[in-house]
Structure formats: structure tokens, C-alpha cells
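Visitor: need a 3D model of the sequence below.
(one chain, ligands or ions: 3)
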Amino acid sequence: MNIKVLGSAAGGGFPQVNCACSNCADCRAGRQGLAPRTQSSLAVSTDGDAWVLLNAAPDLRQQIAATPELAPRREQGARSSPVKAVVVTNGDVDHIAGLLSLREGVAFALYASPRVLAALAANSIFNVLGNGCVPRTVLPLDRALEVTDGLTVEAFAVPGKVALYLESEASSAFGTREGDTIGLKVSEPASGAAFYYIPGCAAVDTALASRLQGASLVLFDGTLYTDEEMIAQGLSGKTGRRMGHISMAGPEGSLAAFAALDVTRRVYVHLNNSNPVLREDSLERAEVERSGWEIAFDGMEIGL
Ligand code: MLT
Ligand code: MN
Ligand code: ZN
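Guide: Ligands and ions are numbered 1, 2, ... in the order given. Below you'll find the model as predicted:
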């Protein structure tokens with residue numbers, strides 16, 4: 001199984017259009033060791049021919065252009081695409097807006113939770129993905145589904161939050177329901193290879209910890225280093241917790257949660273522009289690497 005990180009940044013990308021934080025400013029200035037990043041998406045294939053996208057970022061056109069494996073093959077006709085399916089892990093803009101860039105009349109299958117499918121159905125702009133061309137299928141929880149030949153995806157609910165644009169102040173937890181944020185176990189049954197992809201997650205609870213125990217690869221929510229970093233940098237009034245994202249550091253952070261787990265390879269994805277680990281020479285970067293984590297970058301390839 002081949003995994004390509006198409007985009008390793010959180011919503012907004014890196015640098016973010018409206019952001020003059022020190023990371024974004026230094027990235028714009030071309031500082032070494034601070035690479036730009038597009039928004040959150042992976043591509044997966046078992047044969048190199050058919051590819052499944054895990055999330056469809058607003059930067060998808062640029063990501064496909066940068067990924068020769070995702071280019072149309074002339075021998076398959078004048079119009080075609082190796083992208084055979086898209087699986088979405090939540091309804092956030094960084095994970096669905098790229099669907100609109102796939103609207104050119106080539107068929108693919110779309111899989112998402114009932115709540116995300118409802119959000120797409122309620123936004124008529126997504127009707128450009130006609131049902132005849134782009135069938136939408138509910139991704140059940142806790143049951144593996146074959147999304148393309150030889151590749152299965154099992155979705156499971158993780159602690160999280162409803163998409164920002166669907167938040168309701170009137171209800172508890174902003175109207176979040178189970179399954180608004182899902183993690184994916186992606187498997188190649190023929191080889192037994194499998195990995196977990198969890199780009200948004202508010203906490204590693206006991207259910208999630210026991211699910212991940214023994215995994216050979218987990219790509220996990222690396223949005224923030226500390227819960228209050230966006231407030232501390234004057235970027236936002238929100239904590240990571242409020243945004244539905246666990247932080248890396250701290251007693252309840254992902255570094256601590258994974259320290260107790262047997263996970264062979266652990267990779268942070270969905271990195272926010274405020275995160276100090278984006279700087280290759282930062283103390284925080286050294287700390288996460290010392291703890292056995294890798295920081296994903298655009299174009300990163302992982303073979304399983
Ligand atoms: C998030 O991951 O918190 C979202 O991408 C936020 C957003 O929709 O901008
Ligand atoms: Mn996001
Ligand atoms: Zn910034």
C-alpha cells in the first residue's frame with residue numbers, strides 16, 4: 001500500500017492568507033526549515049493505478065498538479081482520473097471544499113458519515129457532483145467497507161466537534177453528535193497492511209487508545225502544540241479544546257497519550273500555522289521527534 005501526504009497543514013494552510021504570525025511571516029520570507037504546506041489530505045493506493053483520497057482539501061487542484069500519480073492517463077481516454085473514491089472524515093471546509101475541484105464529469109465514489117452527507121446535500125453547490133457521476137455512500141461506523149478494489153476503510157467515531165459552520169450556540173457541545181468527526185482504519189486485506197488516519201480528534205479516550213494499540217502506523221491530529229497557543233500568539237480567542245483538537249503537549253496531550261501505546265510509526269498531520277513544530281530547528285520539534293513522532297510534509301510518501 002502506498003500513502004502520499006497531499007497536504008499536511010490544518011485549515012487555512014501554511015502560510016495562511018490572512019496570517020502574519022511569526023511562522024507564516026518567516027515562511028513567506030522563504031526561511032530555511034519552514035516549508036509551506038497545503039491543507040489536509042492523503043492519497044492511498046494498493047496498485048499505483050487507482051487512488052483513494054482521504055479528505056478533499058481546497059488546495060486539491062494544486063495537490064493533484066504536484067502529484068504525477070494522480071494525473072489522467074492518456075491510454076484511458078481523453079478524460080479520466082486515477083481518483084476513484086474520496087472518503088471524508090468531517091464536514092470542515094479544509095476537508096470538503098476540494099470536492100468542487102473534482103466536478104469535471106469524471107466518476108468517483110464519495111463516502112462520508114450521514115451528518116457530512118447531510119451537510120453536502122444541504123449545500124446545493126455540491127450538486128455539481130451529479131449523483132449519476134458521483135454516488136454518495138454512507139460510511140458506516142465500525143464496519144469495513146471496500147471503497148476501491150482491494151482497499152477497505154473502516155470508520156469509527158472519535159471525540160471531536162461538529163463543523164464550524166454548523167455550530168449551534170443553543171445546544172450543548174455546539175450541536176456535536178457522535179460521528180461528526182471520524183477516524184479511519186485503511187486496510188489492504190490481501191497483504192494485511194493497515195494504518196489509521198485521524199486528522200481531527202479532541203481527546204485520546206480509552207476506546208481510541210485500545211483501538212490504536214499495536215498499530216503499525218497512525219497519522220494523527222497535529223493541529224496545535226499547546227492548547228492555548230492561538231490565544232497566546234494573538235491569533236484567535238479559541239483553545240484547541242474549543243476547536244475540537246487535542247494538543248501535542250501537556251498531561252492530556254497526544255504525546256503523553258501515545259507514550260503509553262505500542263504504535264510503530266506515528267506521524268503528525270493537519271498542522272496549524274501557529275504550531276512551533278513547523279520550524280525544523282525549534283525545541284518543540286526536537287521534543288516531538290525525541291518522542292518518536294514524525295512531522296508530515298507535503299509530498300511525504302509512506303509504503304506499508
Ligand atoms: C478545523 O480543523 O478546526 C477546521 O478546519 C477549522 C475550519 O473549518 O477552518
Ligand atoms: Mn481542519
Ligand atoms: Zn500564521
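Visitor: make it CA atoms for all contacts and neighbour counts henceforth
Guide: Will do.
Visitor: what's the pLDDT at the single nearest residue of the stretch 51-200 of the chain relative to ligand 2?
Guide: Taking Cα to the ion, ligand 2 has its nearest neighbour within the stretch 51-200 of the chain at residue 94, 5.3 Å off. We have a pLDDT of 98 for residue 94.
Visitor: what is the burial count for it?
Guide: Residue 94 has 24 neighbours, counted by other Cα atoms under 10 Å.
Visitor: so how far is residue 87 from it?
Guide: Using Cα to Cα, to the nearest Å, we find residue 94 at a distance of 13 Å from residue 87.
Visitor: swap in residue 96?
Guide: Residue 96 is 10 Å from residue 87, by Cα to Cα.
Visitor: repeat that for residue 27.
Guide: 30 Å.
Visitor: kindly report the same for residue 107.
Guide: 14 Å.
Visitor: the two: which is more packed in?
Guide: residue 87 (24 against 20).
Visitor: show me the contacts for that one.
Guide: Going by Cα atoms under 8 Å, 6 or more residues apart in numbering, residue 87 touches 52, 53, 54, 55, 110, 111, 112.
Visitor: number of residues surrounding the last one?
Guide: Think residue 112. For residue 112, using other Cα under 10 Å, the count is 25.
Visitor: now swap in residue 22 and tell me
Guide: 13.
Visitor: repeat for the one 5 residues further on
Guide: The burial count assigned to residue 27 is 22, neighbours taken as other Cα under 10 Å.
Visitor: distance of the residue in the stretch 151-300 of the chain that ligand 3 sits nearest to from residue 12?
Guide: Residue nearest to ligand 3 within the stretch 151-300 of the chain (Cα to the ion): residue 273, separated by 4.6 Å. Separation of residue 273 from residue 12 (Cα to Cα) stands at 8 Å.
Visitor: more neighbours, those two?
Guide: Ranked by neighbour count (other Cα under 10 Å), residue 273 and residue 12 place residue 273 first, with 27 against 20.
Visitor: list of residues touching whichever strand or helix holds residue 218?
Guide: Per DSSP states H and E: residue 218 is located in strand 217-221. By Cα under 8 Å, 6+ apart, the surrounding residues in contact with strand 217-221 are 194-201, 212, 245-246, 263-271.
Visitor: so which of the residues you listed sit within helices?
Guide: Using DSSP state H, the subset of the contacts of strand 217-221 located in helices is residue 212.
Visitor: can you flag the buried ones in the contacts of strand 217-221?
Guide: 194-201, 212, 245-246, 263, 266-271 (16 or more other Cα atoms under 10 Å).
Visitor: what about the strand holding residue 218 and ligand 2, touching?
Guide: No. Using Cα under 5 Å from the ion, strand 217-221 never reaches ligand 2; the gap is at least 9.2 Å.
Visitor: alpha carbons only: can I get that strand in CSV?
Guide: What follows is strand 217-221 as a C-alpha-only set of coordinates in CSV (Å, rounded to 0.1, in the frame of the first residue of the first chain):
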residue,chain,number,x,y,z
LEU,A,217,1.2,3.4,11.5
VAL,A,218,-1.0,6.2,12.8
LEU,A,219,-1.3,9.6,11.1
PHE,A,220,-2.8,11.8,13.8
ASP,A,221,-4.1,15.3,14.6
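Visitor: moving C-terminal of it, what's the next helix or strand?
Guide: With elements assigned by DSSP H and E, the helix or strand that comes after strand 217-221 is helix 229-232.
Visitor: buried residues, that following helix. List them.
Guide: Neighbour-count burial for helix 229-232 [16+ other Cα under 10 Å]: 229, 230.
Visitor: what of stretch 11-21?
Guide: 11, 12, 13, 14, 15, 16, 21.
Visitor: can you name the residues of the stretch 151-300 of the chain that neighbour ligand 1?
Guide: 164, 243 (Cα under 6 Å from any ligand atom).
Visitor: where does pLDDT dip in the stretch 151-300 of the chain?
Guide: Nowhere does the stretch 151-300 of the chain drop to pLDDT under 70.
Visitor: that one against ligand 3: which residues are in contact?
Guide: residue 273.
Visitor: could you pull out the strands for this protein?
Guide: Secondary structure of the chain (DSSP state E): strands located at 2-7, 41-45, 51-54, 83-87, 109-112, 136-138, 144-148, 151-157, 182-188, 193-198, 217-221, 265-269, 293-295, 301-303.
Visitor: which of these sits most buried?
Guide: strand 41-45 (a mean of 26; mean count of other Cα atoms under 10 Å).
Visitor: would you mind measuring from the residue of the stretch 1-150 of the chain found nearest ligand 2 to residue 138?
Guide: Of all residues in the stretch 1-150 of the chain, residue 11 sits closest to ligand 2, at 4.5 Å by Cα to the ion. For residue 11, the distance to residue 138 equals 24 Å [Cα to Cα].
Visitor: many thanks, I have nothing further to ask.
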